[in-house]
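Undergrad: I'll drop the sequence and a predicted model, then ask my questions.
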There are 2 protein chains.
Amino acid sequence: MTYTNQHTTLTGKINYFINVREGMLINYYKNRPYLITKSLSPENQESPVHFLQPDFISSEYVYRRNHFSFPVITPKNFTLLINGRVNKPLTFHYFDLLKMPAKTIEMVMECAGNKRAKFKPRIYGEQWEDGAITHGRWKGIPLFHLLSFTEVQEEGQEIVFEGFDAGKQKDNKIVPFARSLPLQNALHPDVLVAYQYNDQPLKFKHGFPLRLVVPQWYGMASVKWLKRITVTDSPFHGPFQTIDYVYYFKNKENRNIPVTYMNVNSIIQQPLDQTIRNKGNQLIKGTAWTGRGNITEVVISFDQGKTWRPTLLNKSLAGPYSWVTWQYLWQADKKGEYNIWIRASDSAGRIQPTKPVWNKKGYGYNAISEVHVKIE
Amino acid sequence: MTYTNQHTTLTGKINYFINVREGMLINYYKNRPYLITKSLSPENQESPVHFLQPDFISSEYVYRRNHFSFPVITPKNFTLLINGRVNKPLTFHYFDLLKMPAKTIEMVMECAGNKRAKFKPRIYGEQWEDGAITHGRWKGIPLFHLLSFTEVQEEGQEIVFEGFDAGKQKDNKIVPFARSLPLQNALHPDVLVAYQYNDQPLKFKHGFPLRLVVPQWYGMASVKWLKRITVTDSPFHGPFQTIDYVYYFKNKENRNIPVTYMNVNSIIQQPLDQTIRNKGNQLIKGTAWTGRGNITEVVISFDQGKTWRPTLLNKSLAGPYSWVTWQYLWQADKKGEYNIWIRASDSAGRIQPTKPVWNKKGYGYNAISEVHVKIE
């Protein structure tokens, strides 16, 4: 008698055979993590980032953050229109873009709502833990290069990026996902109209055929399924520009501030929170990143921040927008319960704060990273 | 030019094609949840239970709780030995068991550590949220039937069940996963040596070829990869019997109590915690279950338990060990922030408590279920 069980995974098929008469091996399997679902319609799933090698996170583990259900992409959507305050409105075809001089950048992309679940008082909305973040290699055409063909007019102030994804607002009006960048940010030579991620065509769920990628900014700026780029002479007021992705602070005298660059931040990948370990050496490791400059220092504390010790930084992920990995070998010789704190600093003089800066919609959480470990 | 992207999922392959010249549709996809990883070695993953139909949870969504790395199962492991205090020790072969009169039961299986992450003060160990639970249909041979062939001796007191999975303890001694049941519990006609789950051979990760299933008990009793059944004349002292799966209460005057039957409990599947909804009717729904008797009532409160209203129970999942589904149509006409509490009761007179019964290893959490919802 022969049974065949097929165990299919995202990365490929794994079979195990049950064939007693012929004496075959029974189980062949691989332990793997999966995306963690926050909602299914629209699909919002975070990366199992604690269980991944931090070099280049592969597409199937990249977090998915959607405001609407997925658009239907058909061959007629393989074009990108640039219009508005330009002398020569142009439509670029996907396959024409593939032939142009391209640039590759390695970068961290983090959702503005990453770590929202950690705010206290708690925030309403998707409860992202640590995994609304990815690190990978994007290839595409610098946006300024495309804009140079269209000749931006002097009145051009902002550039609006519109995706194919759209949906109803409360008032039943249909709006697309659209975001703007000030002209000087949009012209930065590393802002790309990307068509590859980690040397593969973009996956549909990550923006195929074309996606804007904006290094150093939170992920909302990197518009997926890019449909149209419009140069405007006035500030853009779309709901994802002026209602969402805005810091509303507790202290109402503060002006509300749009969400832009990533804060300096870190993740402890190992050990996991609330872990029990036996006495002996423990490798503590993780990543750190920033949206301004680069990471200069990652320090560790075992006494709630009274004293700090340096960790070992590994900057081999070379790009200016990469995250760094860090590690610390802890000689855990004494039984007990430990609070481990990690704090990153960047070259712009920013340091992870001890307390998060609470804001109504829960963006930009970057307080000191913390895990609790029990040594037995 | 033609690209083919293959998007492979646990339930099958989904392809989407990019074929511009021939004008094919581009994206065909399915939104689906995944298991949520707590650790990879050993593999511990919980079910995405909030995103599933609660009837019969399919194998790929069943939580995985392991104490050791997976055993290697080869054809010589297709046998089950029954020995100890019996007159006729016997070895049953898997394929012989398939031919015997079988029984099918529908039941809830819940890990004793389910919801551990909710205890305060927090517990060390796997941080299970709501998903270390499943509901499905098991088929196998009643254990008492197999035991009757072996003739249990009068001195027989307990029955020890040993799996093929084993690993090192702190003292470097290798121990298998093994658990015992008192004789009278083991002889219950619904305790099965199971070989099917939801009409399919057990999946390897869920105990193939044979698994003990013990209705009403927490999942640790349902020993996977069942290797040996030993009738003993004295209490079993394995580490998973006397160290783990024991309630150590705060109040040390209490005797420590072994973990056995499931507590009365519930899950709110919808809405998710910290959800924002527009004004209007909201369907609130979930499941409830118990390890003693059956669910008699599930009530809902919007005022922290001052007043309770009945929910609508659906007992169509018919078995005596099934969970029930419940629902409540909430007319959410007023903006505001709401705490929604759900409380189940069973025919044994047990009620979900307002506060959980804290215990050192974090077993049996069953306090009232709660979600926070904001109506805008």
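TA: Looks like it came in fine.
Undergrad: Residue A:55: what's it in contact with?
TA: By Cβ atoms under 8 Å, 6 or more residues apart in numbering or on different chains, the residues touching residue A:55 are A:135, A:317. Glycine gets a C-beta too; all of them are placed from N, C-alpha and C.
Undergrad: What is the three-state secondary structure of it?
TA: Put simply, residue A:55 is coil when judged by DSSP: H, G, I helix; E, B strand; the rest coil.
Undergrad: separation between it and residue A:135?
TA: Counting by Cβ to Cβ, to the nearest Å, the gap from residue A:55 to residue A:135 is 7 Å.
Undergrad: Overlap of the contact sets of these two?
TA: Common neighbours of residue A:55 and residue A:135 (Cβ under 8 Å, 6+ apart) are residue A:317.
Undergrad: Might you name the residue of the stretch 1-150 of chain A sitting closest to chain B?
TA: In the stretch 1-150 of chain A, the residue found nearest to chain B is residue A:34; the distance is 3.3 Å by Cβ to the nearest Cβ.
Undergrad: residue contacts, that residue?
TA: Residues near residue A:34 by Cβ under 8 Å, 6+ apart: A:10, A:48, B:34-37, B:45.
Undergrad: Just these: which are in helices?
TA: Of those, none are assigned to helices by DSSP state H.
Undergrad: Surely residue A:152 is in contact with residue A:88?
TA: No: under the criterion of Cβ atoms under 8 Å, residue A:152 makes no contact with residue A:88, lying 10.1 Å away.
Undergrad: These two: who's more crowded?
TA: Counted by other Cβ atoms under 10 Å in any protein chain shown, residue A:152 and residue A:88 do not tie: residue A:152 has more neighbours, with 20 against 9.
Undergrad: Dig out what the more buried one forms beta bridges with.
TA: Assessed by DSSP bridges, residue A:152 has beta-bridge partners residue A:86.
Undergrad: Please, which helix or strand holds residue A:327?
TA: Assigned by DSSP states H and E, residue A:327 falls within strand A:324-332.
Undergrad: What residues of that strand count as buried?
TA: By neighbour count on 16 or more other Cβ atoms under 10 Å in any protein chain shown, the buried set for strand A:324-332 is A:324-328, A:330, A:332.
Undergrad: what does stretch A:153-165 give?
TA: Burial within stretch A:153-165, assessed by neighbour count using 16+ other Cβ under 10 Å, is assigned to A:156-165.
Undergrad: Output stretch A:335-348 as CSV, nothing but the C-alphas.
TA: C-alpha atoms of stretch A:335-348 as CSV (Å, rounded to 0.1, in the frame of the first residue of the first chain):
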residue,chain,number,x,y,z
LYS,A,335,19.5,32.5,37.3
GLY,A,336,16.9,35.1,37.3
GLU,A,337,14.5,37.2,35.2
TYR,A,338,16.1,39.8,33.0
ASN,A,339,14.8,42.8,31.1
ILE,A,340,17.0,43.3,28.0
TRP,A,341,16.9,46.8,26.4
ILE,A,342,18.3,47.7,23.0
ARG,A,343,18.8,51.3,21.9
ALA,A,344,20.1,52.5,18.4
SER,A,345,21.5,55.9,17.5
ASP,A,346,22.0,57.5,14.1
SER,A,347,24.4,60.0,12.5
ALA,A,348,21.6,62.6,12.5
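Undergrad: How far off centre is it?
TA: In terms of Cα atoms, centre = their mean, to the nearest Å, the centre of stretch A:335-348 is found 22 Å from the chain centre.
Undergrad: what's the answer for stretch A:229-240, then?
TA: Counting by Cα atoms, centre = their mean, stretch A:229-240 is centred 23 Å from the centre of its parent chain.
Undergrad: quick check: mean pLDDT across that stretch?
TA: Taken as a whole, stretch A:229-240 has an average pLDDT of 97.
Undergrad: What residues of that stretch count as buried?
TA: Quick answer for stretch A:229-240 (16+ other Cβ under 10 Å): A:229-232, A:236, A:238, A:240.
Undergrad: distance between the ends of it?
TA: Counting by Cα to Cα, to the nearest Å, you get 16 Å between the two ends of stretch A:229-240.
Undergrad: Quick check, residue A:302 in contact with residue A:340.
TA: Yes: between residue A:302 and residue A:340 there is a contact under Cβ under 8 Å: 6.3 Å.
Undergrad: Distance of residue A:375 relative to residue A:179?
TA: Remark: distance between residue A:375 and residue A:179 (Cβ to Cβ) = 47 Å.
Undergrad: quick one: which helix or strand includes residue A:364?
TA: Using DSSP H and E, residue A:364 falls within no helix or strand.
Undergrad: give me the number of residues near it?
TA: Other residues near residue A:364 come to 24 when the count uses other Cβ under 10 Å.
Undergrad: who touches it in this structure?
TA: For residue A:364, the contact set (Cβ under 8 Å, 6+ apart) comprises A:112, A:218, A:247, A:259, A:262-263, A:357.
Undergrad: Quick check: of these, which lies closest to chain B?
TA: For chain B, the nearest member of the contacts of residue A:364 is residue A:112. The distance, counting by Cβ to the nearest Cβ, is 16.4 Å.
Undergrad: Wait, the closest one touches residue A:245, no?
TA: Yes: assessed by Cβ under 8 Å, residue A:112 is found in contact with residue A:245 at 5.9 Å.
Undergrad: tell me, what's touching these two both at once?
TA: Common contacts of residue A:112 and residue A:245, defined by Cβ under 8 Å, 6+ apart, comprise A:218, A:220, A:259, A:363.
Undergrad: Which positions in the stretch 51-200 of chain A make contact with chain B?
TA: A:51, A:70, A:72-75, A:77-78, A:94-95, A:122-125, A:127, A:170 (Cβ under 8 Å from any Cβ of the partner chain).
Undergrad: so which two of these are the farthest from each other?
TA: Distance extremes for those: the farthest pair is A:95 and A:122 at 47.4 Å, using Cβ to Cβ.
Undergrad: Okay, now the sheet partners of the strand or helix carrying residue A:370, with direction.
TA: Assessed by DSSP H and E, residue A:370 sits inside strand A:369-375. Using DSSP bridges, the strands paired with strand A:369-375 are strand A:275-277 (parallel), strand A:336-346 (antiparallel).
Undergrad: Dump the C-alpha coordinates for it into PDB.
TA: What follows is strand A:369-375, C-alpha atoms only, in PDB (Å, rounded to 0.1, in the frame of the first residue of the first chain):
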ATOM      1  CA  SER A 369      13.400  47.500  22.100                       C
ATOM      2  CA  GLU A 370      12.800  45.200  25.000                       C
ATOM      3  CA  VAL A 371      12.600  41.500  25.700                       C
ATOM      4  CA  HIS A 372      12.100  39.600  29.000                       C
ATOM      5  CA  VAL A 373      14.200  36.400  29.500                       C
ATOM      6  CA  LYS A 374      14.300  33.900  32.300                       C
ATOM      7  CA  ILE A 375      17.500  32.100  33.000                       C
END
